[in-house]
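Enquirer: Sharing a sequence plus its predicted fold:
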Amino acid sequence: MISISEAISIVKKHGKPLLKETIKSVEKAGGYILFKNVVSSINMPPFRQSAMDGYALHVHDSLSYNLIGEVKAGDRHQPVLKFGEAVRIFTGAPVPDSANAVMMQEKVESDGNSITIAHQIPLEHNIRPLGEQVKTGDIALKKGTKLTPAAIGYLISLGITEVSVFKKPNIAIVTTGDELIEAGQDLTYGKIYESNSKMLLSALYNLKFYDVTLYKVEDDYSKTIETLDTAIGSNDLVLITGGISVGDYDFVGKALKELGVSELFYKVKQKPGKPLFFGKKADTQIFALPGNPAAALSCFYVYVYIALQKMMNREDLELPRNMAKSISNFEKKGDRPQFLKAICNDDNVEILEGQNSSMLQTFALSNALVYAPEDVTEIEKGDIIEVIKLPV
């Protein structure tokens, strides 16, 4: 049995960026990382553009201008302004080449044929220059940029429809247990509804990992080998829930060994999630998570999250941690470090009741995990404690 820090270190050490390229349509590329620089094929803006509603001027010494027309957004015509002439203009509209400033409408008086401006105006004032954001041939976004909603909007504004991004991993979720049935079926005696696969699927979707395949295997050794062989052979990451302990019908450990999976660690000194397995076969990483739901999800956030970030070649591998003041009392039993479900608001954190590893009700209310180290036996109100912020 190894420590939490040792387990985290091993996951980081053996994690490997996929570094594979795939092409995505821009509107479906949110959350991906750019594999190559994106070069702009246009200037943005593609013309001198008015920054506001007002009047485009050909500036002269007087405050009075003759009004000769109007230019609205989308217009293609180019009025030619002489000294002392102006056109009505609107935000986003193309500024005529012969205009050299835009005065906002709030500082203009108009009688229909002429206008009077409140004061003299600097040249090029309120005009967005050609290529202000990016010029033709310039790098619009660099390789390694995460595509946020703003980045997606920016790329589409440049007329870009497809981008080269780092491929996200293919992920398998394998659930084991004869006692498990699908929600919606009749709950007969001795059976429970299987929730781990959908829970982990939701956690992956929340992190924008969508290439996920679900597998279900009975408590049968040969079928366990067959299913795991298929999952490992066709995925970059395999998450197994249940069957990793030492019961008579826990076949996962034996099956992984039979399949030639290299064990990197098994069992971590922690609560919940002591029977956690991490291994590799070729380039596929395998986590065998505990069957208890809260334990499985805790291990996902502490360890699997790191593996996913490493695969995507990201720098921030762990979920953010900070220190907060406890507003609850908690007595820790046993000598294992614990991850406690909690609600963190600003600089205060509340440790919730119901920390059993089989219970999800408390987890459903949580937005954080409190880390209680091995040498801590109790937490009192006012104590400053470490908090892991969960994805929302």
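Expert: Cool, the structure landed.

Enquirer: which other residues reach the longest helix along the chain?
Expert: Assignment by DSSP state H gives helix 221-233 as the longest helix of the chain. Applying C-beta atoms under 8 Å, 6 or more residues apart in numbering, the external contacts of helix 221-233 come out as 172, 174, 176, 213, 215, 217, 238, 240, 243, 251-252, 254-256, 258-259, 261, 281, 284, 286. Backbone N, C-alpha and C define where each C-beta goes, glycine included.

Enquirer: swap in stretch 17-24?
Expert: 32, 35-36, 162-169, 236, 310-313.

Enquirer: Hmm, which of these is lowest in pLDDT?
Expert: Lowest in pLDDT among the contacts of stretch 17-24 is residue 313, which has 84.

Enquirer: so that residue makes contact with residue 33?
Expert: Yes: with contact defined as C-beta atoms under 8 Å, residue 313 reaches residue 33; the gap is 6.7 Å.

Enquirer: which neighbours do these two share?
Expert: Common neighbours of residue 313 and residue 33 (C-beta under 8 Å, 6+ apart) are 144, 166.

Enquirer: So between the two, which is more surrounded?
Expert: Neighbours were counted for residue 313 and for residue 33 using other C-beta atoms under 10 Å; residue 33 has more, 18 against 15.

Enquirer: Near the closest residue in space to the more buried one that isn't next to it in sequence, how many other residues are there?
Expert: Once flanking residues are discounted, residue 33 sits nearest to residue 166: 4.6 Å by C-beta to C-beta, 6 or more residues apart in numbering. Close neighbours of residue 166, defined as other C-beta under 10 Å, add up to 21.

Enquirer: Can you select the buried ones from the contacts of stretch 17-24 in PyMOL?
Expert: The buried subset of those, as determined by 16 or more other C-beta atoms under 10 Å, is captured in PyMOL by this line:
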select buried, resi 32+35+163+164+165+166+167+168+169+236+310+311+312
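
Enquirer: What values do phi and psi take at the residue nearest to residue 33?
Expert: As for residue 166, its main-chain torsions (degrees, to the nearest 10) stand at phi -70, psi 130.

Enquirer: again with residue 345
Expert: phi -130, psi 120.

Enquirer: cool, and residue 139?
Expert: phi -70, psi 120.

Enquirer: Likewise for residue 301?
Expert: Dihedral angles (degrees, to the nearest 10) for residue 301: phi -70, psi -30.

Enquirer: and if you look at residue 141?
Expert: phi -140, psi 140.

Enquirer: ok, it touching residue 38?
Expert: Yes: Residue 141 is within contact range of residue 38, at 4.6 Å (criterion: C-beta under 8 Å).

Enquirer: Overlap in contacts, these two.
Expert: With C-beta under 8 Å, 6+ apart, residue 141 and residue 38 have common neighbours residue 155.

Enquirer: Tell me where the protein is predicted with low confidence.
Expert: Scanning the chain for pLDDT under 70 picks out 178, 181, 245-249.

Enquirer: Against the centre of it, work out the most remote residue.
Expert: Distance from the centre of the chain peaks at residue 62, with 55.6 Å (C-alpha atoms, centre = their mean).

Enquirer: Spatially nearest residue to that residue, not counting backbone neighbours?
Expert: residue 84 (6.4 Å).

Enquirer: Any idea how many residues pack against the one you found?
Expert: 15.

Enquirer: Residue 105 contacts residue 55, correct?
Expert: Yes: using C-beta under 8 Å, residue 105 is in contact with residue 55, at 6.9 Å.

Enquirer: From residue 179, how far out is residue 190?
Expert: Here residue 190 is placed at a distance of 6 Å from residue 179 (C-beta to C-beta, to the nearest Å).

Enquirer: Looking at those two, which one has more neighbours?
Expert: Per other C-beta under 10 Å, whichever of residue 190 and residue 179 has more neighbours is residue 179, with 14 against 7.

Enquirer: quick one, what contacts that one?
Expert: Applying C-beta under 8 Å, 6+ apart, the residues near residue 179 are 190-192.

Enquirer: Specify the beta-bridge partners of the residue nearest to residue 368 when sequence neighbours are not counted.
Expert: Excluding the flanking residues, the one nearest residue 368 by C-beta to C-beta, 6+ apart is residue 344, at 3.9 Å. Counting by DSSP bridges, residue 344 forms beta bridges with residue 349.

Enquirer: how close does residue 344 sit to residue 388?
Expert: Relative to residue 388, residue 344 is positioned 9 Å away (criterion: C-beta to C-beta).

Enquirer: Give me the common contacts of these two.
Expert: Counting by C-beta under 8 Å, 6+ apart, the residues touching both residue 344 and residue 388 are residue 368.

Enquirer: rewinding a little: which of the contacts of helix 221-233 fall in helices?
Expert: Among those, the members falling in helices (DSSP H) are 252, 254-256, 258.

Enquirer: Now restrict those to buried residues only.
Expert: Counted by 16+ other C-beta under 10 Å, the ones in helices among the contacts of helix 221-233 give 252, 255-256 as buried.

Enquirer: count of residues packed around residue 392?
Expert: Other residues close to residue 392 by other C-beta under 10 Å number 5.

Enquirer: Same question for residue 132.
Expert: 14.

Enquirer: check which helix or strand covers it.
Expert: Using DSSP states H and E, residue 132 sits within no helix or strand.

Enquirer: What are the boundaries of the helices in this protein?
Expert: Under DSSP H, the chain gives helices at 4-14, 149-157, 196-206, 221-233, 252-258, 293-299, 305-311, 361-365.

Enquirer: Widest-spaced pair of the contacts of stretch 17-24?
Expert: Pairwise distances across those peak at 26.4 Å for 162 and 310 (criterion: C-beta to C-beta).

Enquirer: Span of stretch 255-269 from start to end?
Expert: Stretch 255-269 has an end-to-end distance of 24 Å (C-alpha to C-alpha, to the nearest Å).
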